[in-house]
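Colleague: sequence first, then the predicted structure, then my questions.
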Amino acid sequence: MLAVRWYLRYALSYRDAEELLAERGLIVDHVTVYRWVQRFTPLLIDTARPCRHTPGDRWFVDETYVKVSGRWIYLYRAIDQCGQVIDVLAGEHRDLAAARRFFTRALSHGRRPVEVTTDQAAAYPRTQLTIMPTATPSLHPRSQAQADFRHLQVRSDK
């Protein structure tokens, strides 16, 4: 479990995790670490879910274009005022349907936002009016969520 946690938390490669375990006297192949990650990551997610805090009432929403397994996709992300990730959605398109699907999923995690700060993407205001009419839309050319995408873009290059 320690190797899986290191891999997920610190953006290590499987070989890096293998090397760290070897320093502690555990000889494990990097393929074994890969299999552990595939097997235990969903269990860790399910275990950690009840420990998550309720999302805040101010959301920062943005999307970016990242390469995953050689394919370029849009990655939508919402964080609250404390920096806690509310939801993430990967999709092929950046359109009204994708924005609607993202906001619907994000709202299923608890409290409805009072204010939603986004970039100037055309799909966001129309979607917000239909799904969250009470939330105050706020436009910002560079939102907090966009600044928080840096570590995701670095990891996607690996």
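Modeller: Nice, thanks for sending it over. In this text the structure is predicted, and so the values were computed from the model without any measurement. Numbers count the residues shown, from 1 in each chain.

Colleague: farthest from the middle of the protein: give me that residue.
Modeller: Distance from the centre of the chain peaks at Gly25, with 33.9 Å (C-alpha atoms, centre = their mean).

Colleague: dump the residue contacts of that residue.
Modeller: Neighbour list for Gly25: empty [criterion: C-beta atoms under 8 Å, 6 or more residues apart in numbering]. Using the backbone N, CA and C atoms, a C-beta is placed for each residue, glycine as well.

Colleague: and if you look at Pro125?
Modeller: 118, 137.

Colleague: isn't there a helix covering it?
Modeller: Yes - Pro125: assigned to a helix according to DSSP: H, G, I helix; E, B strand; the rest coil.

Colleague: excluding residues flanking it in the chain, which one is nearest Thr118?
Modeller: Nearest residue to Thr118, sequence neighbours excluded (C-beta to C-beta, 6 or more residues apart in numbering): Tyr124, at 4.3 Å.

Colleague: measure that neighbour to Ile131 for me?
Modeller: Distance, Tyr124 to Ile131, by C-beta to C-beta, to the nearest Å: 11 Å.

Colleague: who has more neighbours, those two?
Modeller: Taking other C-beta atoms under 10 Å, Tyr124 and Ile131 do not tie; Tyr124 has more neighbours (22 against 16).
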